[in-house]
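Here is a sequence with its predicted model. Questions after.
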Amino acid sequence: MNDPVENAKRLAAFKAVDNHVVDGVIGIGSGSTVVYAVERLAQRVKDEGLEVICVPSSFQAKQLIIQYGLKLGDLEMNPELKVTIDGADESDTMLTLIKGGGGCLTQEKILASCAEEFIVIADYRKASTNLGEQWRKGIPIEVIPGAYRVVYQKIEKLLGGKSELRMSGSSKAGPVVTDNGNFLLDWNFEGVKDWKHVENCLNMIPGVVENGLFVGMARKAYFGMSDGTVMERNV
Ligand SMILES: O=C(CO)[C@H](O)[C@H](O)COP(=O)(O)O
């Protein structure tokens with residue numbers, strides 16, 4: 001693979017699947033890095049007879065599981081997950097994450113919360129010291145459509161910064177609609193020190209479904225590097 005970023009994603013994903021997946025129920029995150037994790041899972045099922053049931057975090061993840069011929073599960077049938085493997089938009093050194101660049105943060109957080117282990121896979125661009133160094137698009141927040149305006153006013157009053165409603169671009173007029181039928185705000189924060197406080201504050205605003213700050217959930221991350229190695233971070 002010639003593209004260093006794609007190569008890095010693939011290395012991280014393969015290593016995480018090799019090190020953390022055993023027979024059982026697996027949560028499947030969303031995004032472009034997770035595609036490689038599903039590819040590796042399918043290889044291991046074929047080559048080693050690994051027996052996994054995969055619970056998707058999004059429409060995209062469900063399609064991937066089906067496409068690779070893996071067993072599809074859901075949280076009603078399979079509420080306890082051995083491991084959830086997912087990408088991230090940015091991670092600090094404590095594995096505090098920003099997620100939701102792909103708009104699937106709510107189901108992703110649910111799957112992370114149901115797993116014995118939550119493992120992050122990403123390329124080297126996502127590893128930072130402090131949140132906001134690399135990811136400039138803000139913190140994704142899923143909101144009930146009719147409340148988007150009052151929510152962003154309340155966020156600005158409570159926590160400062162600026163929020164924007166995420167728009168679809170040229171593919172559809174109007175805002176992005178999540179898999180849950182909601183809208184997304186991207187909140188550009190300023191001077192945050194206590195991420196747990198911010199995560200809780202955002203979720204206390206009526207109309208907020210979930211936010212893309214994952215604080216204290218991940219214990220291990222694999223970052224594929226441009227030189228072909230994989231950097232591991234543990235907390
Ligand atoms: O949070 C997510 C989707 O909601 C993704 O995990 C995040 O955007 C990373 O995606 P990619 O692997 O494409 O970099």
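On my side now, so go ahead. Residues are numbered from 1 along each chain as shown.

Tell me which stretches of the chain form helices.
Using DSSP state H, the helices of the chain run over 4-20, 32-48, 59-67, 105-113, 148-159, 195-203.

Can you tell me which of the ones you listed is nearest to the ligand?
In terms of CB to the nearest ligand atom, the element of the helices of the chain nearest to the ligand is helix 32-48, at 3.3 Å. For the C-beta atoms, the positions are set from N, CA and C on the backbone; glycine is no exception.

which parts of that closest one are buried?
By neighbour count on 16 or more other CB atoms under 10 Å, the buried set for helix 32-48 is 33-42, 45.

same check, this time on stretch 24-33
Neighbour counts over stretch 24-33 (16+ other CB under 10 Å) mark 25-31, 33 as buried.

so which of those residues also contact the ligand?
Restricting the buried residues of stretch 24-33 to those near the ligand by CB under 6 Å from any ligand atom leaves 29-31, 33.

quick check, stretch 160-173 touching the ligand?
No. Stretch 160-173 is not in contact with the ligand by CB under 6 Å from any ligand atom; minimum separation 11.5 Å.

Now do the same for that stretch: mean pLDDT, whole number.
Taken as a whole, stretch 160-173 has a mean pLDDT of 95.

just stretch 224-235 next, same as before
97.

Next: stretch 119-138.
Mean predicted confidence for stretch 119-138 is 97.

What is the end-to-end distance of it?
The first and last residues of stretch 119-138 sit 22 Å apart, counting by CA to CA, to the nearest Å.

Repeat that for stretch 70-86.
End to end - CA to CA - stretch 70-86 spans 17 Å.

can I get the CA coordinates of stretch 51-69 in PDB?
The C-alpha trace of stretch 51-69 is given here as PDB (Å, rounded to 0.1, in the frame of the first residue of the first chain):
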ATOM      1  CA  GLU A  51     -16.100 -17.300  16.100                       C
ATOM      2  CA  VAL A  52     -17.400 -13.800  16.500                       C
ATOM      3  CA  ILE A  53     -20.700 -12.000  16.500                       C
ATOM      4  CA  CYS A  54     -20.300  -8.400  15.400                       C
ATOM      5  CA  VAL A  55     -22.500  -5.600  16.800                       C
ATOM      6  CA  PRO A  56     -22.400  -2.500  14.500                       C
ATOM      7  CA  SER A  57     -22.300   1.200  15.600                       C
ATOM      8  CA  SER A  58     -23.800   2.500  12.400                       C
ATOM      9  CA  PHE A  59     -25.400   1.800   9.100                       C
ATOM     10  CA  GLN A  60     -21.800   1.800   7.600                       C
ATOM     11  CA  ALA A  61     -20.600  -0.700  10.200                       C
ATOM     12  CA  LYS A  62     -23.600  -2.900   9.500                       C
ATOM     13  CA  GLN A  63     -23.000  -2.900   5.800                       C
ATOM     14  CA  LEU A  64     -19.300  -3.800   6.400                       C
ATOM     15  CA  ILE A  65     -20.200  -6.700   8.600                       C
ATOM     16  CA  ILE A  66     -22.600  -8.000   5.900                       C
ATOM     17  CA  GLN A  67     -20.200  -7.300   3.100                       C
ATOM     18  CA  TYR A  68     -17.400  -9.400   4.800                       C
ATOM     19  CA  GLY A  69     -19.800 -12.200   5.600                       C
END
